[in-house]
Every structure is written in structure tokens, then in C-alpha cells.
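S.K.: Build me a structure from this.
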Amino acid sequence: MKKKFKNTDQANHYLILIFGLLSVFVKLYQISYRSFFQDELYSVSAAFEPSYNKFIENWVLYDSNPPLYYFFLRFWLKIVPATEFWVRLPSVIFLLLASFIFIRGIKKRFENFEWFYL
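M.R.: Prediction:
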């Protein structure tokens, strides 16, 4: 027996939930399959600098990227082990969070369900 949705809003919420769970699965599937790449090794090396002053002098001041990620990774790697999974997990979390914020912003911008077809 076919299940009919009461309205299209409920169907769209289920569809967004399915796509969200699928994107989480795709991002986490074999996250630690490959070893670190060059930029990841750079970030891990910067995070393991023993002195805070040397961390600022040697890593943050000479890099063209914003330093917030290095500060977060430095704190993160004091809590969890420095394996491929745990080093890459914050990037996945931030990507999924940015995607959620983007979708919420698009939903507020467009009316009816025009945003759904973007």
C-alpha cells in the first residue's frame, strides 16, 4: 500500500533528511583510507609544535591561510589521537555545517519551494 504524504512540505523534509544522511555517509566512508597528504601533514606538524610562541612564529605568521583552523586543530589533537580519521573529522563536520547553513539561507531567501530546485 502506498503511503501518501499529507503535504509536499513533509515529503520535502524527508527528502532533505535522506540527502543529508547520504552526504554524511559519503563524507565519512573510508575517511582514513589514504594516508595524510602534504597539506594535512603541514597542519598536523603545526599543531604539534610544542611551544605556543614557536607555533605563532614558525607556522601562523608565514602561512597565507587564516590561522583559526590551526588553532582549532592544535586544541583538537590534544583531545583525540592524530590518526587520519580524527584529523579529517573536523573538516567534514565544518563542511556539513556549512552546507546546512547554506540550505537554511536559501530556504529563507526563496518562497514556496523554489529553493528546492537549486
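
S.K.: remind me, longest helix of this protein?
M.R.: The longest helix of the chain (DSSP state H) is helix 84-109.

S.K.: What residues of that one count as buried?
M.R.: Neighbour-count burial for helix 84-109, counted by 16 or more other CB atoms under 10 Å, picks out 84, 87, 88, 89, 103. Glycine gets a C-beta too; all of them are placed from N, C-alpha and C.

S.K.: Stretch 25-41 now?
M.R.: By 16+ other CB under 10 Å, the buried positions in stretch 25-41 come out as 27, 36, 40.

S.K.: The last one reaches residue 88, doesn't it?
M.R.: In this case it means residue 40. Yes. Contact criterion CB atoms under 8 Å: residue 40 and residue 88 qualify, at 7.4 Å.

S.K.: give the contact list for residue 20.
M.R.: Each residue near residue 20 by CB atoms under 8 Å, 6 or more residues apart in numbering is listed here: residue 100.

S.K.: give me the element it is part of.
M.R.: Per DSSP states H and E, residue 20 falls inside helix 8-28.

S.K.: Show the pLDDT at residue 49.
M.R.: On the pLDDT scale, residue 49 is placed at 82.

S.K.: excluding its backbone neighbours, what's nearest it?
M.R.: Leaving aside its chain neighbours, residue 49 sits nearest to residue 55 (4.1 Å; criterion: CB to CB, 6 or more residues apart in numbering).

S.K.: Excluding chain neighbours, give the residue nearest to residue 40 in space.
M.R.: Closest residue to residue 40 in three dimensions, ignoring its sequence neighbours and counting by CB to CB, 6+ apart: residue 87, at 6.2 Å.

S.K.: so how far is residue 52 from that neighbour?
M.R.: Going from residue 87 to residue 52 by CB to CB, to the nearest Å gives 20 Å.

S.K.: picking that back up, using the three-state scheme, assign the residue nearest to residue 49.
M.R.: Here residue 55 takes the helix state, with states given by DSSP: H, G, I helix; E, B strand; the rest coil.

S.K.: Could you work out the end-to-end span of stretch 49-65 for me?
M.R.: Start-to-end span of stretch 49-65 (CA to CA, to the nearest Å) is 18 Å.

S.K.: What of stretch 25-43?
M.R.: End-to-end distance for stretch 25-43: 25 Å, by CA to CA.
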